[in-house]
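Colleague: the amino acid sequence is not available; the structure is as follows:
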């Protein structure tokens with residue numbers, strides 16, 4: 001998903017969200033791990049895998065790991081850098097602050113999750 005929606009990502013700097021550079025092949029997080037962060041792709045591509053199967057590829061403004069912040073359950077998939085990447089790393093406290101103070105961010109996350117659910121329901 002690359003559409004940034006009705007807002008800009010200037011909140012990253014405002015909220016002091018740290019950035020992380022990744023090399024191709026680097027694991028961002030693994031299925032089964034406790035999740036205390038989500039990522040927002042700023043450059044490059046991230047593959048989301050269930051087992052060895054790639055179920056999604058994220059590009060600019062794609063998000064991953066948000067479910068673990070919402071439901072506090074272990075990660076359901078593994079995220080791997082498909083290319084050299086830069087990602088914003090949003091921890092649980094910052095996520096909650098963003099949901100409260102930047103409602104358009106919360107709507108963006110819900111929209112992405114809704115699109116993923118629709119794709120799964122359609123068998124895509």
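Modeller: That came in fine, so what should we check first? Given the structure is predicted, the values throughout are model-derived calculations rather than measurements. Numbering: from 1, shown residues only.
Colleague: low-confidence ranges, the chain, go.
Modeller: Scanning the chain for pLDDT under 70 picks out 1-7, 124.
Colleague: let me see the ranges of the helices in it.
Modeller: For the chain, the helices defined by DSSP state H occupy 11-14, 66-71, 92-101, 103-121.
Colleague: what about the residue nearest to residue 21 when sequence neighbours are not counted, neighbour count?
Modeller: Nearest residue to residue 21, sequence neighbours excluded (CB to CB, 6 or more residues apart in numbering): residue 86, at 5.5 Å. Any C-beta I mention is one placed from the backbone N, CA and C, and that applies to glycine too. Neighbours of residue 86 under the rule other CB atoms under 10 Å: 14.
Colleague: how near is residue 86 to residue 44?
Modeller: Counting by CB to CB, to the nearest Å, the separation of residue 86 from residue 44 is 7 Å.
Colleague: got it, and residue 13?
Modeller: 20 Å.
Colleague: these two - which one has more neighbours?
Modeller: When residue 13 is set against residue 44 and neighbours are counted by other CB under 10 Å, the residue ahead is residue 44, at 19 against 10.
Colleague: quick check: nearest residue in space to the more buried one, chain neighbours excluded?
Modeller: Spatially, and ignoring its direct neighbours in sequence, residue 44 is nearest to residue 85 (3.2 Å; CB to CB, 6+ apart).
Colleague: how close does the one you found sit to residue 60?
Modeller: Residue 85 sits 10 Å away from residue 60, going by CB to CB.
Colleague: counting neighbours, go ahead and name the busier of these two.
Modeller: Taking neighbours as other CB under 10 Å, residue 85 and residue 60 compare with residue 85 leading, 23 against 15.
Colleague: just to check, the more buried one is in contact with residue 40?
Modeller: No: under the criterion of CB atoms under 8 Å, residue 85 is not in contact with residue 40, lying 10.9 Å apart.
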